[in-house]
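> Take a look and give me a structure for this.
(chains A, B, C and D)
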Protein chains: 2
Amino acid sequence: MYIQLLYMKELEDILKTKSEMPLAKKTVLNISYTSTTIKDSMLHVLKPFDISIEQFNVLRILRGQHGKPTNLQDIQDRMVSKMSNTTRLVDKLILKGFVERFICEKNRRKVDIFITEKGLKALLEIDPVIEKTEAHIASPLTQEELQTLNHLLTKLRD
Amino acid sequence: MYIQLLYMKELEDILKTKSEMPLAKKTVLNISYTSTTIKDSMLHVLKPFDISIEQFNVLRILRGQHGKPTNLQDIQDRMVSKMSNTTRLVDKLILKGFVERFICEKNRRKVDIFITEKGLKALLEIDPVIEKTEAHIASPLTQEELQTLNHLLTKLRD
DNA sequence: GTACAACAATTGTATATACAAATGTAATCG
DNA sequence: CGATTACATTTGTATATACAATTGTTGTAC
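All right, here's what the predicted structure looks like:
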């Protein structure tokens, strides 16, 4: 994120000033830009673990299933991006030994996916780092402001 | 976006309820998810024009230069994602005839990039569609709520 | 004038998303 | 029982980002 601080360019200027940009456009830009800066932060702290944000999210989804077999659609429905190619994400996690995949005995079109012990261990290591980063990201706002922000974002999606 | 409405899954449930999730984590998730739904909307309306959001943004940046030669770093500094591979984006816009690239005479390490007439025409066609989409995205909130949302997002990035 | 460091862009490679086509399996219909 | 439709995943292909290495050019130091 320090690279971005070196360049104070048009984007921050636009977002910080009362420019003539229509409010709807400014809102869309602001959300997109903020999301990108957050992703960059996450990417930065995840880098030493050699895992992407999306792979990490898949592991968290599987952990949340508490050993219950999960199929690809279940995973995909719980992901931030609903159009992601979940087969490929799972393929890479298999290569890392973090998940395993079996053909579903009841319905062989489906696959049953589980997180492995290695995957759970990886999450135990990464969780505190991510939580610290999330806390840092949110730190410029008060609890009340965070509540308001969440409320407005949820309302926006209706 | 209608596909997402068919699945009311854990994510929206988490974001809409007072779940036990820490507020920082909820905020990060909310911003990321909202940004993704916005991108999906943009992608949907841009599809008939056979242009991506990022390509569209590059054209807008170049139009904003009013014919002034622009180099790759200038473009990249003004983009939402500062790590994008701008060379590749410009390559694709050249293939579409929307921009042209010349070696800078003063400094041959640099390239001068211009939007073409065809590119300007494309923007004239796309602009109203995008503005309508942005207005639609912002429509669930009042002007005051949008001001507050923008203020909170900007403060968050400090 | 030459060597070296720095700059700007390009290229290589990897990952993720987007979207359609292909493949194998299961359910349904006649 | 066979044909057809639907389902779930995989694969193919394209685009964007991420990041490092490479390439050509310019600036600086001696």
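
> longest helix in chain A, by residue count?
Criterion DSSP state H: the longest helix present in chain A is helix A:23-46.

> Quote the end-to-end distance of stretch A:13-22.
End-to-end distance of stretch A:13-22 (CA to CA, to the nearest Å): 15 Å.

> Next, the buried residues of it.
Buried positions in stretch A:13-22, judged by neighbour count with 16 or more other CB atoms under 10 Å in any protein chain shown: A:14-15. Quick note: C-beta positions are derived from backbone N, CA and C, even for glycine.

> quick one on the thing from earlier: how about the longest helix of chain A: buried residues?
So helix A:23-46, judged by 16+ other CB under 10 Å, has buried residues A:23-39, A:41-42, A:46.

> And stretch A:112-128, by the same measure?
Using 16+ other CB under 10 Å as the test for burial, stretch A:112-128 gives A:112-113, A:115-116, A:119, A:122-123, A:126.

> so what's A:Ser52 up against?
The contact partners of A:Ser52, taken as CB atoms under 8 Å, 6 or more residues apart in numbering or on different chains, are A:43, A:46.

> and with 10 Å instead?
The neighbourhood of A:Ser52, defined by CB atoms under 10 Å, 6 or more residues apart in numbering or on different chains, consists of A:42-43, A:46, A:58, A:89, A:92.

> which one of these sits closest to B:Asp158?
Of all the contacts of A:Ser52, B:Asp158 sits closest to A:Met42, with 18.3 Å by CB to CB.

> how close does the closest one sit to DNA strand C?
Distance from A:Met42 to DNA strand C, counting by CB to the nearest atom of the strand, to the nearest Å: 12 Å.

> So what does the nearest residue to that residue once chain neighbours are set aside have for phi and psi?
Setting aside the residues directly before and after it, A:Met42 is nearest to A:Ile53 in space (CB to CB, 6 or more residues apart in numbering or on different chains), at 5.1 Å. Per-residue torsions, A:Ile53: phi -60, psi -40 (degrees, to the nearest 10).

> do the same with A:Lys132
phi -60, psi -40.

> Can you check the pLDDT for it?
Note for A:Lys132: predicted pLDDT of 95.

> Next: A:Ile3.
35.

> Now do the same contact list for the residue most central in space within chain A.
Nearest to the geometric centre of chain A sits A:Ile53, at 5.4 Å (CA atoms, centre = their mean). Residues near A:Ile53 by CB under 10 Å, 6+ apart: A:38-39, A:42-43, A:46, A:80, A:130, B:32.

> for A:Gln55, same thing?
A:46, A:49, A:89-90, A:92-93, A:96, A:98-99, A:119, A:122.

> For it, identify the helix or strand it belongs to.
Assigned by DSSP states H and E, A:Gln55 belongs to helix A:53-63.

> got it, and A:Lys121?
Short version: A:Lys121 belongs to helix A:117-138, going by DSSP H and E.

> Tell me the helix or strand right after that helix.
Where DSSP H and E defines the elements, the next helix or strand beyond helix A:117-138 is helix A:143-156.

> How about that next one and chain B, touching?
Yes - among the residues of helix A:143-156, A:143, A:145-156 lie within reach of chain B under CB under 10 Å from any CB of the partner chain.

> Tabulate the buried residues of stretch A:112-128 in JSON lines, adding columns for distance to DNA strand D.
Formatted as JSON lines, those follow (distance: CB to the nearest atom of the strand, whole Å):
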{"residue": "A:Asp112", "distance to DNA strand D": "8"}
{"residue": "A:Ile113", "distance to DNA strand D": "8"}
{"residue": "A:Ile115", "distance to DNA strand D": "16"}
{"residue": "A:Thr116", "distance to DNA strand D": "17"}
{"residue": "A:Gly119", "distance to DNA strand D": "17"}
{"residue": "A:Ala122", "distance to DNA strand D": "18"}
{"residue": "A:Leu123", "distance to DNA strand D": "20"}
{"residue": "A:Ile126", "distance to DNA strand D": "16"}
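
> of the residues you listed, closest to A:Glu134?
Nearest to A:Glu134 among the buried residues of stretch A:112-128, with distances taken as CB to CB, is A:Ile126, at 12.1 Å.

> Hmm, that closest one is touching A:Ile51, no?
Yes - with contacts counted by CB atoms under 10 Å, A:Ile126 reaches A:Ile51, the gap being 7.2 Å.

> Lowest-confidence entry in the contacts of A:Ile53?
Of all those, A:Val80 carries the smallest pLDDT score, 87.

> Next, count neighbours for it.
Applying other CB atoms under 10 Å in any protein chain shown, we find 17 residues neighbouring A:Val80.
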